[in-house]
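Asks: Quick one, what's the 3D model for this:
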Amino acid sequence: MKTVSRRQALALGIAGTGAVAVGGGGLLLARSPFRPKAGGRLNEPENLSSQKRELKLRLEAAPAQIMVAGRVASVAAYNSSLPGPTLRLHAGDRLRVTLVNRLDVATNLHVHGLHVSPAGNGDNSFLRVEPGESFDYEYDLPANHPTGTFWYHPHHHGSVADQVAAGLYGAIIVEDLEGLPITRERLLLISDISLTGSGSLRPPSAAEQMMGREGETVLVNGQVRPVLSAISGDRERWRVINACPARYLRLRLEGSRHQVLALDGRSLGVPAQVEEVRLAPGNRADLLVEAVKGKSILRAAPFNRGSMPGMMGGAMPPRNGPVDLLSLDTSGAPLSDLPPVPPTGRPRDLRKEAVAARRRLNFSMGMGMGSGMSPAGMEFTINGKEFDAGRIDEIVSVGSVEEWTLTNSSPMDHPMHLHVWPMQVIQDSGQSIPGTTWQDVVNIPARGEVKVLVSFDDFPGRTVFHCHILDHEDLGMMGVIEAR
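Replies: A predicted model of the protein is given here:
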């Protein structure tokens, strides 16, 4: 009996043996909801660390039947792990990755947030690794590369959202030279996924693609609401990555105290006490958590990222309620007092440097007669143009500092990601940003405006900037930049 999900799974490029249900009972399972199992001790991916200034690995992107939220699911994964292995490096290291494509569609690899060359076999988003082929990537981290939390995922235009939503992602850690006075470190890679009752991937509807898909099940390291244990007085570093294709995370740790050490892999200098941390898709945060006796809950509060014209002219609001991500169970008496966390240096402030050029980029969406990327006739553009890999949209000078005004003429937020070079946020909706804040994903509010400064240090070459709601990127909201 033909199933409804076989063609859809093939379209995602990850169908394999057992990926879809067959028979009458299988059809009912494919249409029924996925029922995840919650709880269990938090698991972390395998750690692969550099040796003698180099990390060399084989990374295989392939269909996989693995445990997701306590149940067997047919997904895509790196090295049969969801998330993929964590890559641990130091500034000045060389990362060598042989990417092997076992999918049914083309793919490639993006090392999100790393300040490395976009040319040749570096962080080159224009490369295409065909099914059954492999490619050798090589990334040289500068000796002054910032320490922090980064990640990797596919970036083949047109299928980025599908492949990330299917399970292809993993963390990159650039280690501190000197350890912080903490009890332990944890990686929390947050993602979301939509699965059928049989455990196969549920493809998004056209409306979900237009809005930006939000998976029905939110995962932390492939688990639903895992449990962490600590002793009262413990101080932990949580490296949090938002690997969701479109979901924003307003994180609140209810019951314990926490500070922010870094955003998008860039230190704040001095830890900042906050009530909540907002992470757009692609953002990361390093949190300093002080365990308080009792139970604490890490919760993602609702976030209104705007709306879009519905298929019949109405409005489709975001589907985004509160989600409990994990619990921290703390007991006992403090074992010892930890020394204060020292400042981690003063971040560079580009406001003190000369600006060589100013640019304005407008992110917009609406009905139009574009290239046909959108299944519903919508256009997703930057400065009125859909993505064209053969066109250069912006040319910058290596070594210069520029001011970019990012505007959003659409009715929903767009998080803008610039490859290779991080951005210093200096103004948001007309308000100056105090302190020195660096990010590589900057949210532009609906009908809003954000100003950033960018220093194009090093690395001539061609790369991209785009909306990190990955469906919007795939539908054309991306541009090409070349540094000369």
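Asks: Run a quick neighbour tally on Glu290.
Replies: Using other CB atoms under 10 Å, Glu290 has 18 neighbouring residues. All C-beta spots, glycine's among them, are computed from the backbone N, C-alpha and C.
Asks: And for the one 5 residues further on?
Replies: With neighbours defined by other CB under 10 Å, the count for Lys295 comes to 14.
Asks: What helix or strand is it located in?
Replies: Per DSSP states H and E: Lys295 is located in strand 294-301.
Asks: chain center to that strand: distance?
Replies: Centroid separation between strand 294-301 and its chain, computed with CA atoms, centre = their mean, to the nearest Å, is 22 Å.
Asks: That strand: which residues count as buried?
Replies: In terms of neighbour count (16 or more other CB atoms under 10 Å), strand 294-301 has its buried residues at 296, 298-301.
Asks: so what strands line up beside it?
Replies: Strand 294-301 sits in its sheet next to strand 249-254 (antiparallel), strand 323-331 (antiparallel), going by DSSP bridges.
Asks: Output those as JSON lines; include the columns mean neighbour count.
Replies: Shown next, in JSON lines, are the strands paired with strand 294-301 (neighbours: other CB atoms under 10 Å):
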{"stretch": "strand 249-254", "mean neighbour count": "19"}
{"stretch": "strand 323-331", "mean neighbour count": "19"}
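Asks: For Thr436, find the nearest of those.
Replies: Between Thr436 and the strands paired with strand 294-301, the shortest gap by CB to CB is with strand 249-254, which sits at 21.8 Å.
Asks: Output that closest one as PDB, nothing but the C-alphas.
Replies: Extracted in PDB, the C-alpha atoms of strand 249-254 (Å, rounded to 0.1, in the frame of the first residue of the first chain):
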ATOM      1  CA  LEU A 249      13.800  31.300  22.600                       C
ATOM      2  CA  ARG A 250      13.100  33.700  25.500                       C
ATOM      3  CA  LEU A 251      15.000  31.700  28.200                       C
ATOM      4  CA  ARG A 252      14.200  32.100  31.900                       C
ATOM      5  CA  LEU A 253      15.800  29.900  34.600                       C
ATOM      6  CA  GLU A 254      13.100  29.900  37.300                       C
END
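Asks: Need the residues that contact that strand.
Replies: 190, 240, 242, 275-279, 285, 287, 289, 296-303, 325, 328 (CB atoms under 8 Å, 6 or more residues apart in numbering).
Asks: count of residues packed around the nearest residue to Ser49 once chain neighbours are set aside?
Replies: Closest residue in space to Ser49, ignoring its immediate chain neighbours: Arg88 at 4.2 Å, by CB to CB, 6 or more residues apart in numbering. Arg88 has 16 neighbouring residues, counting by other CB under 10 Å.
Asks: got the contact list for Arg88?
Replies: Going by CB under 8 Å, 6+ apart, Arg88 touches 47-50, 55, 172-173, 175.
Asks: And Arg284, by the same measure?
Replies: Applying CB under 8 Å, 6+ apart, we find Arg284 in contact with 113, 148-151, 239-242, 262-265.
Asks: coming back round to it: I'd like the next helix or strand past the strand or helix carrying the residue nearest to Ser49.
Replies: Using DSSP H and E, Arg88 falls within strand 86-89. Downstream of strand 86-89, the next assigned helix or strand under DSSP H and E is strand 94-101.
Asks: List the contacts of the following helix or strand past that next one.
Replies: As assigned by DSSP H and E, the chain's next helix or strand after strand 94-101 is strand 110-112. Strand 110-112 has contacts (CB under 8 Å, 6+ apart) with 95, 123, 125, 139, 150-155, 172, 282, 417, 419, 440.
Asks: so what strands line up beside strand 110-112?
Replies: With DSSP bridges as the test, strand 110-112 is paired with strand 148-153 (antiparallel).
Asks: can you give me the offset of the next helix or strand after the strand it pairs with from its chain's centre?
Replies: Once strand 148-153 ends, the next helix or strand along the chain (criterion: DSSP H and E) is helix 160-166. Put simply, helix 160-166 sits 11 Å off its chain's centre (CA atoms, centre = their mean).
Asks: Which element is encountered next along the chain beyond helix 160-166?
Replies: Following helix 160-166 toward the C-terminus (DSSP H and E): strand 170-174.
Asks: Could you name the helices and strands sitting against that following strand?
Replies: On a contact count with 3 or more CB pairs under 8 Å, 6 or more residues apart in numbering; DSSP states H and E, strand 170-174 meets strand 86-89, strand 148-153, strand 184-193, strand 235-242.
Asks: Mind doing that once more with 7 Å?
Replies: Applying 3 or more CB pairs under 7 Å, 6 or more residues apart in numbering; DSSP states H and E, one finds that strand 170-174 makes contact with strand 86-89, strand 148-153.
Asks: sec struct for Pro203, please.
Replies: Under the three-state scheme (DSSP: H, G, I helix; E, B strand; the rest coil), Pro203 adopts coil.
Asks: Tell me how far Thr238 lies from Ala280.
Replies: Not Thr; residue 238 is Trp. The gap separating Trp238 from Ala280 is 18 Å, by CB to CB, to the nearest Å.
Asks: no wait, Glu290
Replies: Glu290 is 26 Å from Ala280, by CB to CB.
Asks: Excluding chain neighbours, give the residue nearest to His466 in space.
Replies: Spatial nearest neighbour of His466, excluding adjacent residues (CB to CB, 6+ apart): Met478 at 3.5 Å.
Asks: neighbours around the one you found, how many?
Replies: For Met478, using other CB under 10 Å, the count is 26.
Asks: hang on, isn't it packed against Phe387?
Replies: Yes: using CB atoms under 7 Å as the test, Met478 is close enough to Phe387 to be in contact (4.1 Å).
Asks: what does the strand or helix carrying His417 rub up against?
Replies: Per DSSP H and E: His417 is located in strand 414-418. Contact with strand 414-418 is made by 280-282, 363, 406, 408, 440-444, 454, 465-469, 472, as judged by CB atoms under 7 Å, 6 or more residues apart in numbering.
Asks: hmm, which helix or strand of this protein has the shakiest average pLDDT?
Replies: Lowest on mean pLDDT, DSSP states H and E among the helices and strands of the chain sits helix 6-12, with a mean of 34.
Asks: Helix, strand, or coil at Gln209?
Replies: Of the three states, Gln209 takes helix under three-state DSSP.
Asks: Which strands or helices does the longest strand anywhere in the chain pack on?
Replies: In terms of residue count, the longest strand belonging to the chain (DSSP state E) is strand 54-68. Under the contact criterion of 3+ CB pairs under 7 Å, 6+ apart, the helices and strands touching strand 54-68 comprise strand 47-49, strand 71-78, strand 94-101.
Asks: then stretch 329-341 to CSV, C-alphas only?
Replies: Only the C-alpha atoms of stretch 329-341 are listed here, as CSV (Å, rounded to 0.1, in the frame of the first residue of the first chain):
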residue,chain,number,x,y,z
ASP,A,329,17.5,19.3,40.8
THR,A,330,19.7,20.7,43.5
SER,A,331,20.3,19.2,46.9
GLY,A,332,22.8,19.1,49.7
ALA,A,333,25.1,21.8,51.3
PRO,A,334,27.8,23.7,49.4
LEU,A,335,31.1,21.8,49.4
SER,A,336,33.3,24.9,49.1
ASP,A,337,33.2,28.5,48.2
LEU,A,338,34.3,29.3,44.6
PRO,A,339,36.2,32.5,43.9
PRO,A,340,34.5,35.3,41.9
VAL,A,341,34.6,35.0,38.1
